[in-house]
Every structure is written in structure tokens, then in C-alpha cells.
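Q: Sequence isn't available, so here's the structure alone:
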């Protein structure tokens, strides 16, 4: 059984006895995992490659449904319902639970259209409202000053760090409740990385954040809670400041002190 | 010794590569030389004259140019939407079990020799047009349809390949914002693959405009400019395939060469445009 520290805040997501099996796999990649996710906090998921942290992250917005044959079991509770149910409206779910990927993914369109994309998908047509919200999202993502004079330019002309902030602006423009970050800085240089980290910390005022990272310093720097996963199981979940100083599980200690991983 | 072999190999390969350029130059020179008589005799009238009457020594290329352009246009209008549809199905919608067999059979279709499309068109398609659309069945329309069927597999296969280059992570990003499959196809995949898709269309266009065997059977070789697409017509390659045997005067012979020179220039231009698009795609990716 995992060691799970008490979470005092309200919870935004609750994973209960969750299991996940890939279409081609015989064994479950995530086994009987139970984990609360605190609201307006940053929860980092760490663990060695193949431990299932990204698989878990991609379950929160049902990304696995894009590929046939994958199987979920157990429950992930969000706003009082189990989002793993067949009848779950995935479009609506993905609007409420946004995602940022390992590499910047600027769409082949202008900077403005990138940020407006999610709102337009929801049918927003009013030009002044759109441009207000695009501006606000770009400001919130700390990239407005750099792009305000070239909103009509192709987004692929931006640098990697700028593109990643553009993707964050695009994701927060639809005002999600949860944002999933899948190793968001793995393709970026150190300066862009620290910019993104600051931004993530600022964002928790408004959204609950779950971040998968290979980089333990990153988890220590940005997160409030850290979950350590190993071989598809949650080994320990605790307050970040406690876990990196006094881990309660031996396995966690060995991982964060670099004995394996 | 090994340096000597390296050098030898380098010169040999350079010679082989240069020989291609020499061949093209040679072909061009031959066409130009043989066209000279008609170019000097007819001048610019050659491309504006609508009458082609060898017995009266009248040689106007306009009906053949018109036929080439219109039959290709009909083929493209029919084939482009179908190719996009097939490509979308194969790259995004088809279940994994269907993707590979359907994909492979489309590639096989692209390898059917064009003379077979021509025979099939003459014996099975001409009667259908005659009975259900009108005319004698041998017509501009029939040629356009047979051409469209001929270029469709190639266009569909290349368009699918271009769509398949869209990174998964880009598609997932659009799904993650609440996009539907249709949103992702029209907003992400098609814009991302646009340069490759347009390039494939232009290559297909080049193939259609120069196509000889498939249309010779079904077009009729009638030098006539008519708005009625069920009437027989001709195109540049159809004229060339039909008339070299009968060219009894120097001017007749030379004007056929000038027609082929025209075709070569048109094809070169089209391929250059396609190349431009493919190069642009590489730069973006």
C-alpha cells in the first residue's frame, strides 16, 4: 500500500483503484492506484521511465481514447462523477482539463488564431470578446509583450520557449479547472525552463496543476505535493517539502537520492 | 591506390549524373530543330489558329491545347475531392485492419499501365456515357473521367502520405483543447500537410496533361473547339499519337514537333511548380 499524506485542501480529482491497460499489453501499466489531487495546488508526478506517470496523466483527459483498444478500470472522480464512464462527454472533459505537451505544439496558423483556437471550437465568434480573451491569456502566460506586435504572424516563427508559453496561453484561454503538464520543459533550454516554471507557479491561483517531470529538482522547485510512482504503482504521495527531506518509503528515498532511476 | 579508386568513382558518378542533363538538352534540341520550319512559317498564329486542316496546310494548335487543358481540368475537378476523401479516410478514419490492405491496393492501382485504362474506357465506359449522358460516347467528358480515375490512386496515396507526416503530438494538442476528429482534420492535418498535398495535385496534373494512351482511345482526335463536352475532341498527346504516321508534308511534320515542344514546356513548368511546393514542405518540417 502506498503511503499517502493527508491532504488538507479541497480535492479536484480523486483517483480510486485505477487500472490502465494498453491495447497491445498483457499486463496493466497502472495497478490499483489511489491518489487524491489537491485543488489550486501543483502536484508533481515523479518516477523512473516506464513507471506509468505519463500514462496516468493522459488518463485524466482520456487521451488514451484516441487510440483503440486501451482499457481503463476503477474510478477517477471529477466534480462528483467518474470520468472513466462510457457516457462521459470527452470534448467537455478536455475543455475543463487542459494539457501541455513535452514539445511545443504551435498549430500551423497565426499566433492569434492559436490562442483563439479553443474558444472558437466552443463556438465563440464575437471578435472583440475573442481578442480581449486572447490578450488576457497571452498576458497571463507572460508572452504578451513579445508577441503583441505580430499577432498575425505564423506561430512557428517563435522560439521554443515562446511557443511553449503560447501553448500555455492557448490552454488557459478556455479557462480550464485543471492543467496537465507532460514534461513541459524537456525540449527547452535552462532560461526558458525557469520562465515556464515561474509561470506554472503563478497559474496555480486559478487552476489545479498536475505535472509529470523527469527532473527531480523541477518537482522540488515548483510543486506542493509530489507523488512517486514505480512500476505502475503509487509508492508515496506527500507534501513536497517533506518528501524530499524525509521520505517515508525506502524506495522513495533511494530514488530521490539517485540510487536508481 | 584506394585514393585513385575514390577519384575514379567520383568522376564516373559525376559523368552518369551529367548525362541525364545532356539527354534532356538533346531531346529539347531535337524538338526545337524539327519545329523550326513550322515556327518560322506560322509564327505565333500556331497557338491562336483554331483550324487544323493538314490537306489545306492549315495548322492551328488551339483545339489541341484547349482539349488538353479542358480534359485535365475535368479530371482534376473530379479527382481532387475524391483523393482528399480517400486520403482522410486512410490516414485518420480507417480502422487499423483496413488501413494497410486498402492503402496497398490503392498503390497497386496507381501502377496500372495507362493503356489498360484506355481499353477499359473504350469498351466499358464509352457505352455508359453514350447511353446515359449523350453524344457518341467518345468525347472530352469521357477522356476527363478516364483521366480522373487514372490519376486518383496516385493523388490519394501521396496526399495520405503527406497527411501522415502530421506529428501525433500536434493532433493530440488539438484534441486536448476539445477538438473533434473533423476539427483536427480541417484545422491541423490539412493545413500542416498543405504543401505536400498541393504538390501531389500538381504532379498528378502534370501526368494528366501529358497522358497519351488512356485518352487516345476515348477522345476521338477531332480538332474542334466546342463547349459541348460530350462531343469528340483532341489533345496535344492524342494528336501526336494519331498523326505522325500521316504527316506527309514537311510543315505537317514540323508542326507536330512544335506541338510536342509545347507539351514539353507545359510539363516542365508544372513539374517545377510541384517541386517548389515539395521543397517548401521540407523547409517547414
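A: Yes, it's here. Computed from a predicted model, the values in this text were never measured in an experiment.
Q: C-terminal to the helix or strand where residue B:37 lies, which secondary structure element comes first?
A: Assigned by DSSP states H and E, residue B:37 falls within helix B:2-42. Next in sequence after helix B:2-42, counting helices and strands by DSSP H and E, comes helix B:45-48.
Q: rewinding a little: are there helices or strands packed against the helix holding residue B:37, and which ones?
A: Counting contacts by 3 or more C-beta pairs under 8 Å, 6 or more residues apart in numbering or on different chains; DSSP states H and E, helix B:2-42 is packed against helix B:250-284. (C-beta placed from N, C-alpha, C; glycine too.)
Q: can we see that at 10 Å?
A: Packing partners of helix B:2-42 (3 or more C-beta pairs under 10 Å, 6 or more residues apart in numbering or on different chains; DSSP states H and E): helix B:45-48, strand B:58-59, helix B:250-284.
Q: Mind listing residues that contact the second one?
A: Right, the one you point to is strand B:58-59. B:38, B:41-42, B:45-46, B:49-53, B:223, B:249, B:251-252, B:254-256, B:258-259 (C-beta atoms under 10 Å, 6 or more residues apart in numbering or on different chains).
Q: Give me every residue in the stretch 51-200 of chain B lying close to chain A.
A: With C-beta under 10 Å from any C-beta of the partner chain as the criterion, the stretch 51-200 of chain B meets chain A at residues B:95-96, B:166-181, B:183-184, B:187-194.
Q: Sitting in strands, which of these do you find?
A: Here DSSP state E is the test, and these give no hits in strands at all.
Q: All the helices of the stretch 51-200 of chain B, residue numbers only.
A: For the stretch 51-200 of chain B, the helices defined by DSSP state H, counting those that start in this stretch cover B:62-88, B:96-109, B:114-120, B:126-132, B:140-164, B:168-176, B:181-184, B:190-210.
Q: for residue B:66, what are its contacts?
A: B:50, B:140, B:223-226, B:233-235.
Q: So for the chain, the centremost residue is which one?
A: All of this is about chain A. By C-alpha atoms, centre = their mean, chain A has its centre lying nearest to residue A:180, at 1.4 Å.
Q: oops, I was thinking of chain B
A: residue B:207 (2.0 Å).
Q: Name the nearest residue to that one, ignoring sequence neighbours.
A: residue B:151 (5.9 Å; C-beta to C-beta, 6 or more residues apart in numbering or on different chains).
Q: What's the separation between that neighbour and residue B:116?
A: Here the criterion is C-beta to C-beta, to the nearest Å. By it, residue B:151 lies 14 Å from residue B:116.
Q: ok, these two, which is more surrounded?
A: residue B:151 (30 against 12; other C-beta atoms under 10 Å in any protein chain shown).
Q: what's near enough to touch the more buried one?
A: Here residue B:151 is in contact with B:72, B:75-76, B:78-80, B:83, B:110, B:114, B:117, B:200-201, B:203-208, B:211, B:214 (C-beta under 10 Å, 6+ apart).
Q: ok, now with 6 Å
A: Counting by C-beta atoms under 6 Å, 6 or more residues apart in numbering or on different chains, residue B:151 touches B:79, B:204, B:207-208.
Q: Which one of those residues sits in the busiest neighbourhood?
A: That'd be residue B:204 among these, by other C-beta under 10 Å, with 29 neighbours.
Q: Does it touch residue B:153 like I think?
A: No - the pair residue B:204 and residue B:153 fails to qualify as a contact (C-beta atoms under 6 Å) at a distance of 9.8 Å.
Q: if I look at the residue nearest to the centre of chain B, how far off is chain A?
A: As judged by C-beta to the nearest C-beta, to the nearest Å, residue B:207 and chain A stand 28 Å apart.
Q: same deal with residue B:252?
A: On the measure of C-beta to the nearest C-beta, residue B:252 and chain A end up 53 Å apart.
Q: per-residue pLDDT, residue A:1?
A: At residue A:1, the model reports a pLDDT of 62.
Q: helix, strand or coil for residue A:17?
A: Assigned by DSSP: H, G, I helix; E, B strand; the rest coil, the conformation of residue A:17 is strand.
Q: And it, how far from residue A:225?
A: 20 Å.
Q: Please identify which of those two sits among more neighbours.
A: residue A:225 (26 against 11).
Q: Confirm that residue A:124 lies within a strand, as I assumed.
A: No - counting by three-state DSSP, residue A:124 is not part of a strand but coil.
Q: so what's it closest to, chain neighbours aside?
A: Closest to residue A:124 by C-beta to C-beta, 6+ apart is residue A:130, at 6.0 Å.
Q: is it true that that neighbour touches residue A:118?
A: No - counting by C-beta under 6 Å, residue A:130 does not reach residue A:118; the two are 11.0 Å apart.
Q: The two: who's more crowded?
A: Neighbour totals were compared for residue A:130 and residue A:118, and residue A:118 leads with 26 against 18 (other C-beta under 10 Å).
Q: Tell me where chain A has strands.
A: Using DSSP E, strands in chain A cover A:3-4, A:11-21, A:30-38, A:42-46, A:71-78, A:81-82, A:97-100, A:178-182, A:208-212, A:225-230, A:233-239.
Q: These into a markdown table, with extra columns for distance to residue B:5?
A: Shown next, in a markdown table, are the strands of chain A (distance: least, C-beta to C-beta, whole Å):
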| stretch | distance to residue B:5 |
| --- | --- |
| strand A:3-4 | 69 |
| strand A:11-21 | 58 |
| strand A:30-38 | 59 |
| strand A:42-46 | 56 |
| strand A:71-78 | 60 |
| strand A:81-82 | 71 |
| strand A:97-100 | 55 |
| strand A:178-182 | 52 |
| strand A:208-212 | 54 |
| strand A:225-230 | 57 |
| strand A:233-239 | 61 |
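Q: quick one: which of the contacts of residue B:66 is nearest to residue A:163?
A: residue B:235 (49.0 Å; C-beta to C-beta).
Q: picking that back up, could you turn the buried ones of the contacts of strand B:58-59 into a ChimeraX selection?
A: Entered in ChimeraX, the line below selects the buried ones among those, by 16 or more other C-beta atoms under 10 Å in any protein chain shown:
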select /B:38,42,46,52,223,251,252,254,255,256,258,259
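Q: about what we covered before: and the helix holding residue B:37, what's its mean pLDDT?
A: Rounded mean pLDDT across helix B:2-42 is 93.
Q: and what of stretch A:231-244?
A: For stretch A:231-244, the per-residue pLDDT averages 93.
Q: Give the buried residues for it.
A: Buried-residue list, stretch A:231-244, by 16+ other C-beta under 10 Å: A:232-240, A:243-244.
Q: okay, how far is it across that stretch, tip to tip?
A: 20 Å (C-alpha to C-alpha, to the nearest Å).
Q: what comes into contact with it?
A: The contact list for stretch A:231-244, computed with C-beta under 6 Å, 6+ apart, reads A:2-5, A:29-31, A:33, A:35, A:52, A:220, A:223-224, A:226-228, A:249, A:251-252.
Q: Of these, keep whichever come out buried.
A: For the contacts of stretch A:231-244, buried by 16+ other C-beta under 10 Å: A:2, A:4, A:29-31, A:33, A:35, A:52, A:220, A:223-224, A:226-228, A:249, A:251-252.
Q: ok, the residue nearest to the centre of chain A touching residue A:101?
A: No - using C-beta under 6 Å as the test, residue A:180 is too far from residue A:101 to be in contact (9.3 Å).
Q: Tell me how far the helix or strand bottoming out on mean pLDDT in chain A lies from the chain's centre.
A: Across the helices and strands of chain A, mean pLDDT, DSSP states H and E gives its lowest value to strand A:3-4, namely a mean of 84. Taking C-alpha atoms, centre = their mean, to the nearest Å, one finds strand A:3-4 lying 21 Å from the centre of the chain it belongs to.
Q: cool, stretch B:229-248 as well?
A: Distance, centroid of stretch B:229-248 to centroid of chain: 18 Å (C-alpha atoms, centre = their mean).
Q: repeat for stretch A:40-58
A: Distance, centroid of stretch A:40-58 to centroid of chain: 9 Å (C-alpha atoms, centre = their mean).
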